[in-house]
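Asks: I'll drop the sequence and a predicted model, then ask my questions.
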Amino acid sequence: MKSFNTTAVCVPSKHYMVDLTARVHEIRKMVDEGKYFTINRARQYGKTTTLLALRKELQSDYVVVSISFESISDSGFSSEDSFVKAFCRLLKSNPAFYQNIPEKTREELDSFLARTDGRVALDELFISLNWWCGISEKPIVMLVDEVDSATNNQVFLDFLAQLRAGFISRETDDLPTFQSVILAGVTDVKHLKAKIRPEDTHRQNSPWNIAADFDIDMSLPEDGIRGMLEEYEADHHTGMDTAKMARLIREYTSGYPFLVSRICQLIDMEYSGGAKALDAWSRTGLDEAIKKLLAEDNTLFQSLTKNLNDAPDLKASLRRVLMNGERLPYNMQQDAIARLQMYGFIRNDHNTVRVSNRIFETLLYNLFLSDEDLKNSPFNRMGDLDRNHFVENGRLNMRRILDRFIVTYTEICGPLEDRFKEKDGRELFLLYLRPIINGTGNYYIEAQTRDQTRTDVIVDYLGQQYIIELKIWRGERYNAAGEKQISEYLEYFGLNMGYMLSFNFNRKKEPGVKRVEIGDKVLFEGTL
């Protein structure tokens, strides 16, 4: 029986996975065209699994040299000699493949390994490899995984330079070399720079500037996720609505491969543990899986938070987007934007920076709010103390939460002051709300409404959704428009009840919560 997999490579015969055929065919077109390129995506984004599928696709028409730099230790990149020998050992580590290399090339590679009376130069290796390319009956393609293991080393830059020189010679002088070279890793190798001469401190050149752009979408599409779930359903007969589950999983993950597989894995574990199928494979089961996922200290989350903690400027940029509602232009010429994209934090949404998916957004909100927790925020403590007063028959009494937050804010902060900012209300409300739903529910901020004038908080709690609009009061006309807007938003979610929290500086205001009916919708408006 197959299973969901979140470690190492996914194998179609062993694991439930999205069909990669269309993606692999797109990549193959680049190989057929003789392109050199880099597949750079964030951690656990399916790069290795894609390379495995690509290798199988190419094997009938190409000789595929597939290696991983993860297998080369730091000492292997210390000099040309050590790198050439480590590279040769990688080729020999697959005996069946090595025996199919032409005898002359094998003898030369073996001689490099045996050489003790002198250093092996990188160009010697490439003379041998290019000779092999020239006599091979099939074109040769090189796949190199985990190139991040090498990017800080000069010898790797020299390796790229040799590949570039071969590519240029192929185009200008028709000399034999690889048909295609594919490098896979987190780092975008195109942006690496190498000095033209060791003594030249100013002039630099990219050793990989011959690489083609790789614009193929590697996220998992909704129909692909549905196909995977239908395969699972054929084996387990849970009765789930595969189309609905695929849509929900895609909405939360934006197709990030690890997140998709891990959510399915957690739901499957719940189902295998005795939960009813329609409870596990439902919105309620999805909420439970997301709650467990966000509580994990998995390697992906560790990598993300480490990258942020190591780069305070990146953390500050993301905080501005999430907590301040700022709209940052998506400009890959800015180093911070390029690094955030490379690590998988953000994506381009109509030339505006947007966090990659809801899971990452909530992870980041929790991280930023934990920073506030470290300051011993009274709002977090009061939310924790009040939490038992807000649940009735398994449902949140959101009206009571708003009412109590207004009282808490007034007791702690006093009247609103002119220095108050939109982000202050957002942070304080989330600090108060989080311990109330923590351990049972989840929350996220609707990205389409997150700006410096309005924010919608969506709470998922035991299969129920609650929408709370946070905004600064800007007059009755603006408020009426906001009521209409949230009414339409409730219609989109299929809800009849919503909530609004206004931060009002008008001294004649009436603090508290009132009930407003808008058509067939009920809105509880809190005013602070």
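Replies: Sure, I can see it.
Asks: what is the longest helix of this protein by residue count?
Replies: As assigned by DSSP state H, the longest helix anywhere in the chain is helix 154-173.
Asks: in terms of secondary structure, what does that one contact?
Replies: Judged by 3 or more CB pairs under 8 Å, 6 or more residues apart in numbering; DSSP states H and E, helix 154-173 is in contact with helix 80-92, helix 122-135, strand 194-195. For the C-beta atoms, the positions are set from N, CA and C on the backbone; glycine is no exception.
Asks: how about the ones you listed, which one is nearest Arg262?
Replies: Comparison of those against Arg262 by CB to CB identifies helix 80-92 as nearest, at 30.8 Å.
Asks: quick one: contacts for the residue lying closest to Asn442 once chain neighbours are set aside?
Replies: The shortest distance from Asn442 to any non-neighbouring residue, by CB to CB, 6 or more residues apart in numbering, is to Asp460 (4.8 Å). Asp460 makes contacts with 283, 287, 290, 441-443, as judged by CB atoms under 8 Å, 6 or more residues apart in numbering.
Asks: tell me the one of these nearest Leu113?
Replies: Using CB to CB, those come closest to Leu113 at Ile290, 50.8 Å.
Asks: pLDDT weak spots in the stretch 101-250 of the chain?
Replies: By pLDDT under 70, the weakly predicted segments of the stretch 101-250 of the chain are 191-205.
Asks: let's see that with 90 instead.
Replies: Regions of the stretch 101-250 of the chain meeting the criterion pLDDT under 90 cover residues 116-119, 148-154, 187-209.
Asks: so the most centrally placed residue in the chain, which state does it fall into?
Replies: Note on the chain: the residue nearest the mean C-alpha position is Gly344, at 4.1 Å, using CA atoms, centre = their mean. Secondary structure state of Gly344, per DSSP: H, G, I helix; E, B strand; the rest coil, is coil.
Asks: verify the stated contact: it with Asn307.
Replies: No - look at Gly344 against Asn307 with CB atoms under 8 Å: they stay out of range, at 9.1 Å.
Asks: compare the contacts of Asp460 and tell me which has the most neighbours.
Replies: Highest neighbour count within the contacts of Asp460: Ile290, with 26 neighbours (other CB atoms under 10 Å).
Asks: surely that residue and Tyr444 touch.
Replies: No - Ile290 is beyond contact range of Tyr444, at 9.3 Å (criterion: CB under 8 Å).
Asks: could you check how far the residue in the chain sticking out farthest from the centre is from Lys92?
Replies: Relative to the C-alpha centroid of the chain, counting by CA atoms, centre = their mean, Asp117 is the outermost residue, at 48.8 Å. From Asp117 over to Lys92 the distance is 21 Å, taken as CB to CB, to the nearest Å.
Asks: surely Ile267 meets Trp281?
Replies: Yes - here Ile267 lies in contact with Trp281, judged by CB under 8 Å, at a distance of 6.1 Å.
Asks: ranking the helices and strands packed on helix 154-173 by burial, who's on top?
Replies: Of the helices and strands packed on helix 154-173, the one with the most neighbours on average (mean count of other CB atoms under 10 Å) is helix 80-92, at a mean of 19.
Asks: name the SS class of the closest residue to Tyr330 other than its chain neighbours, please.
Replies: Closest residue in space to Tyr330, ignoring its immediate chain neighbours: Asn348 at 4.5 Å, by CB to CB, 6+ apart. Using three-state DSSP, the structure places Asn348 in strand.
Asks: for Asn348, what are its contacts?
Replies: When contacts are counted by CB under 8 Å, 6+ apart, Asn348 is found next to 330, 341, 354.
Asks: residues near the closest residue to His389 other than its chain neighbours, how many?
Replies: Spatially, and ignoring its direct neighbours in sequence, His389 is nearest to Arg400 (6.8 Å; CB to CB, 6+ apart). Neighbour count of Arg400, defined by other CB under 10 Å: 16.
Asks: quick one: list the elements packing against whatever helix or strand Arg400 lives in.
Replies: Taking DSSP states H and E as the criterion, Arg400 maps to helix 398-413. Counting contacts by 3+ CB pairs under 8 Å, 6+ apart, helix 398-413 packs against helix 378-386, helix 422-437, strand 464-472, strand 497-503, strand 512-518, strand 521-527.
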